[in-house]
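Q: sequence below, structure please.
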Amino acid sequence: MAVVIRLKTMGTKKKIKHRIVVTDSKYPRNGRFLEEVGIWDPSRQPAVIKVESARVEHWIKNGAKPSETVRSILKKAGVKL
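A: Below is the predicted model of the structure:
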């Protein structure tokens, strides 16, 4: 099981919000997930980023790979990768 940290899209057209989730790479983008570890709302100014950094670090230590977009969001949030 390859575990990844990626975005799950929520909201409506032109009002998209994202949740940062830990999931198996085989699951669909907006399908099942193992744990929700944060939110990202780029529609607000400034963009809202809320991350449970302890849980993200736990998953990364156990082998989860963040996507490129999530990696940049986590850097902005100050999470150690």
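Q: not counting stretch 40-56 itself, show me its contacts.
A: By CB atoms under 8 Å, 6 or more residues apart in numbering, the list of residues contacting stretch 40-56 from outside reads 5, 7, 15-20, 35, 37-39, 73-74, 76-80. Heads up, the C-betas are built off the backbone N, CA and C, glycines and all.
Q: who touches the most centrally placed residue in the chain in this structure?
A: By CA atoms, centre = their mean, the chain has its centre lying nearest to I20, at 2.1 Å. Applying CB under 8 Å, 6+ apart to I20 gives the contacts 5-8, 36-40, 51, 56, 70, 73.
Q: then G78?
A: G78 neighbours (CB under 8 Å, 6+ apart): S53.
Q: mind checking which of the contacts of stretch 40-56 land in strands?
A: Counting by DSSP state E, the part of the contacts of stretch 40-56 found in strands is 5, 7, 15-20, 35, 37-39.
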